[in-house]
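Asks: Give me a model of this one.
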Amino acid sequence: MQVLGVCSLKGGVGKTSVTLGLASAALARGVRTLVIDLDPQADATMVLGATGADRLDVAAVLSDPRAWSVERAIAPSAWAAAGLDVMLGSARSAAHDGTGIEDDVERLAAALTFVVGYDLVIVDCPPSLGGLTRAGLTACDRVVVVTEPGLFSVMAVARALSTIEQLHGPGRTLDQVGIVINRVRGHSIEQEFRLGELRSRYGALVLEPVVPERAALQQAQGAGRGVHAWPGAAAAEVAHVFEQLLDRVLDKRR
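Replies: Have a look, this model is predicted:
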């Protein structure tokens, strides 16, 4: 079971959209996947259509990481009858996001010892450097950083990679799989400059292909569906991009 963290230290770059795109690609390929929604906004949970009045959520798991809480916090996604589940996100998880709550950092990793039956776990981290992101990355064995080709987003990449480096230590195997560049528009001089800057500074860490900005992706997710299930050439284009990125996520090792 591979555990992948998807993170960004700047909001608005489409981190959750990338998480959902990778989940859609994994579902289409038959890779049994669990999405852990650590973001207190719980957007991934909403788009994946995971619900359950009798269910717990990720906040309950972080409060008491045991087998029973893990089992009750996982619900099936509405995207398919089987093969894609969600550990439910909740605004209550914000209680675990304080920078000084050191005891929480290992709790998600402890909870994952009770997770079985999946080939891939994708952890959607909040766009911040609080306790939830640290807990998420501590539980992962690999991570991608999501950005877009803009000045402030490029600056945030350096902070995210620095944070990942800080989490390396004895027994840690956190692998920087790379940087996913999202929301790329054609014919933008500023974006072309920033793309060149990212490729020059980070080299092979920049994953190809980049994710183009297409309305079809937002339309699919707004309708609560994976991009692979959305009609049209634009959706097919983006779906193919996420299939290639999934290959790199699953295969690339450093």
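
Asks: check contacts around residue 87.
Replies: By CB atoms under 8 Å, 6 or more residues apart in numbering, residue 87 lies in contact with 34, 35, 36, 37, 57, 58, 61, 70, 73, 74. (C-beta placed from N, C-alpha, C; glycine too.)

Asks: Strands along this protein, start to end?
Replies: 2-7, 33-37, 74-76, 84-87, 120-124, 142-147, 175-181 (DSSP state E).

Asks: could those go into CSV alongside distance to residue 48 and mean pLDDT?
Replies: Listed next are those as CSV, based on distance: least, CB to CB, whole Å; pLDDT from 0 to 100:
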stretch, distance to residue 48, mean pLDDT
strand 2-7, 14, 95
strand 33-37, 6, 98
strand 74-76, 9, 96
strand 84-87, 5, 98
strand 120-124, 10, 98
strand 142-147, 18, 94
strand 175-181, 19, 87
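
Asks: Please tabulate those in a markdown table and include distance to residue 94 as additional columns.
Replies: As requested, those are arranged in a markdown table below (distance: least, CB to CB, whole Å):
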| stretch | distance to residue 94 |
| --- | --- |
| strand 2-7 | 17 |
| strand 33-37 | 13 |
| strand 74-76 | 20 |
| strand 84-87 | 16 |
| strand 120-124 | 15 |
| strand 142-147 | 21 |
| strand 175-181 | 25 |
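
Asks: Show me the shaky parts of the chain.
Replies: 99-103, 168-173, 252-254 (pLDDT under 70).

Asks: Show me which helix runs longest in it.
Replies: helix 233-251 (DSSP state H).

Asks: which residue ranges form the helices in the stretch 101-250 of the chain?
Replies: In the stretch 101-250 of the chain, the segments counted as helices under DSSP state H, counting those that start in this stretch are 107-112, 131-139, 151-166, 189-202, 215-222, 233-251.

Asks: Enumerate the positions of the fourth one that are buried.
Replies: To tie it back to what came earlier, the one meant is helix 189-202. 191, 194, 195, 198, 199, 202 (16 or more other CB atoms under 10 Å).

Asks: what do you get for the longest one?
Replies: Within helix 233-251, the residues that qualify as buried by neighbour count (16+ other CB under 10 Å) are 234, 235, 238, 239, 241, 242, 243, 245, 246, 249, 250.

Asks: That one vs strand 2-7, what angle?
Replies: 120 degrees (axes from the mean of the first three to the mean of the last three CA atoms, to 10 degrees).

Asks: which ones are touching residue 135?
Replies: 38, 62, 96, 104, 105, 106, 107, 108, 109.

Asks: swap the cut-off to 7 Å and go again
Replies: 62, 96, 104, 105, 107, 108 (CB atoms under 7 Å, 6 or more residues apart in numbering).

Asks: from those, which is closest to residue 5?
Replies: For these, the minimum distance to residue 5 (CB to CB) is 10.1 Å, reached by residue 108.
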